[in-house]
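Enquirer: I'd like to go over a predicted model; first the sequence, then the structure.
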Amino acid sequence: MNLKKIIKKPIITEKFMNKTAQDCYAFKVDKKSTKNQIREAIEEKFKINVIKVRTIVVKGKTCLSGKRKKKVKLGDWKKAIIKIKKGQKIEGFGGEDGK
């Protein structure tokens, strides 16, 4: 699998902004990627050392859509939570100071 296509986008929420002080970051990743592939892609893209990778498949929500309010299920996606080496940080996340 192409390492550039594994990381789709960072997850920037209040919960994960507070975790950046603990060197944890979250990313939306390709559903078929493995932990080792995610580790390699993060290390290559951001030039940091990854200590731990945790993954979870988030189930898609069911919502009403259209004029007749049909039930539509949004697609499932995969979230990766990574822990990096102490003292390093990923630029562009913002809120590294915990504010």
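Expert: Great, that's in hand. These numbers come from a predicted model, not from an experiment.
Enquirer: how much space between the spatially most central residue of the chain and residue 2?
Expert: Central residue of the chain (Cα atoms, centre = their mean): residue 27, 1.1 Å from the mean position. Distance of residue 27 to residue 2, given as Cβ to Cβ, to the nearest Å: 16 Å. C-betas here are computed from N, CA, C, even on glycine.
Enquirer: okay, and the helix or strand of this structure with the least pLDDT?
Expert: Least confident helix or strand, the chain: helix 14-19 with a mean of 87, by mean pLDDT, DSSP states H and E.
Enquirer: spatially, what comes nearest to residue 61 if we skip its sequence neighbours?
Expert: residue 74 (5.1 Å; Cβ to Cβ, 6 or more residues apart in numbering).
Enquirer: tally of neighbours for the one you found?
Expert: 11 (other Cβ atoms under 10 Å).
Enquirer: could you shift the numbering so residue one becomes 582, and keep it that way?
Expert: OK, 582 is where the count begins now, so the last one is residue 655.
Enquirer: look up how far residue 620 lies from it.
Expert: 28 Å.
Enquirer: same check on residue 592?
Expert: From residue 592 to residue 620 the distance is 17 Å (Cβ to Cβ).
Enquirer: the more surrounded of the two?
Expert: A side-by-side neighbour count of residue 592 and residue 620, using other Cβ under 10 Å, places residue 620 first with 18 against 15.
Enquirer: if I read this right, the more buried one contacts residue 635, doesn't it?
Expert: No: contact criterion Cβ atoms under 8 Å: residue 620 and residue 635 do not qualify, at 11.2 Å.
Enquirer: intersection of neighbour lists for the two?
Expert: Counting by Cβ atoms under 8 Å, 6 or more residues apart in numbering, the residues touching both residue 620 and residue 635 are residue 663.
Enquirer: give me the number of residues near the residue nearest to residue 646 when sequence neighbours are not counted?
Expert: Counting by Cβ to Cβ, 6+ apart, residue 646 lies nearest to residue 653, which is 4.4 Å off, once chain neighbours are set aside. Residue 653 has 12 neighbouring residues, counting by other Cβ under 10 Å.
Enquirer: what packs against the helix or strand harbouring residue 661?
Expert: Per DSSP states H and E, residue 661 falls inside strand 658-665. Where contact means 3 or more Cβ pairs under 8 Å, 6 or more residues apart in numbering; DSSP states H and E, strand 658-665 is packed against strand 605-610, helix 616-627, strand 631-639.
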